[in-house]
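In: next come a sequence and a model predicted from it.
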Amino acid sequence: MDFIKLATERFSTRDFSSREIEEEKLEIIKNAARVAPTAKNNQPHKIYILKSEEALKKIRENTRCAFNAPVVFAVCIDGEKQWKQPFTGELSGNIDAGIVTTHMMLAAESVGLGSCFVCYFDPMKFKKDFSLPENITPVALLPVGYKSEECEPADRHFIRNEIKDTFIEL
Ligand SMILES: Cc1cc2nc3c(=O)[nH]c(=O)nc-3n(C[C@H](O)[C@H](O)[C@H](O)COP(=O)(O)O)c2cc1C
């Protein structure tokens with residue numbers, strides 16, 4: 001599909017069907033994460049796949065924003081691998097995780113799946129519940145699945161600033 005059409009038609013999916021996701025489609029999403037750019041190509045991301053009943057129960061207790069997705073990816077950053085911006089000292093982990101998650105979100109759309117970029121969850125509880133190593137920090141969740149028949153974009157999906165109000169030529 002043409003990229004702009006794909007990017008325009010994608011919307012945050014918050015209601016999923018129970019239809020199982022084919023393994024090939026999950027592989028496409030994983031590969032999209034693999035090829036995502038990261039600062040200095042440090043690739044500080046580790047991604048947990050939550051699809052067992054037990055894992056889904058835990059994440060749904062953590063946040064209402066896991067919705068009823070059959071699979072939830074949790075994009076995490078290894079604090080020891082992220083790049084440090086030499087001028088400001090800022091660390092690249094959150095930016096890297098954002099790019100990786102976006103790659104996965106668009107890949108999901110490209111194979112006919114819905115998803116939602118989610119930051120509304122408790123990363124500390126996640127770390128504890130899933131016994132993550134000390135250096136690994138969860139940044140974003142990506143619930144993924146087939147869209148339910150009733151699923152529609154939220155009203156705010158349609159609210160976009162005009163290009164002229166966003167771009168400033170210097
Ligand atoms: C960094 C980030 C965090 C977000 N966190 C959440 C979230 O926790 N829960 C949720 O339902 N949507 C979340 N969203 C989805 C946004 O609300 C959504 O992308 C925005 O309203 C535009 O709608 P659209 O994705 O349907 O085009 C998040 C999106 C981004 C980029």
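Out: Perfect, thanks for sending it.
In: next, residue 90: phi, psi?
Out: phi -70, psi 150 (degrees, to the nearest 10).
In: with residue 59 instead?
Out: The phi/psi pair for residue 59 (degrees, to the nearest 10) is phi -70, psi -30.
In: I'd guessed residue 113 sits against residue 142; true?
Out: No. Under the criterion of C-beta atoms under 8 Å, residue 113 is not in contact with residue 142, lying 10.5 Å apart. The way it works is simple: take the backbone N, C-alpha and C, and place the C-beta from them, glycine included.
In: in this protein, which spans are strands?
Out: Ranges of strands within the chain are 45-50, 71-78, 114-115, 136-145, based on DSSP state E.
In: closest to residue 60 out of those?
Out: strand 71-78 (8.8 Å; C-beta to C-beta).
In: orientation of that closest one relative to strand 45-50 in degrees?
Out: Angle, strand 71-78 to strand 45-50, by axes from the mean of the first three to the mean of the last three C-alpha atoms, to 10 degrees: 150 degrees.
In: helices or strands next to strand 71-78 in the packing?
Out: helix 23-34, strand 45-50, helix 53-62, helix 93-110, strand 136-145 (3 or more C-beta pairs under 8 Å, 6 or more residues apart in numbering; DSSP states H and E).
In: the first one: how far from the chain's middle?
Out: Helix 23-34 sits 13 Å away from the centroid of its parent chain (C-alpha atoms, centre = their mean, to the nearest Å).
In: cool, the second one as well?
Out: Its chain's C-alpha centre and that of strand 45-50 lie 10 Å apart, by C-alpha atoms, centre = their mean.
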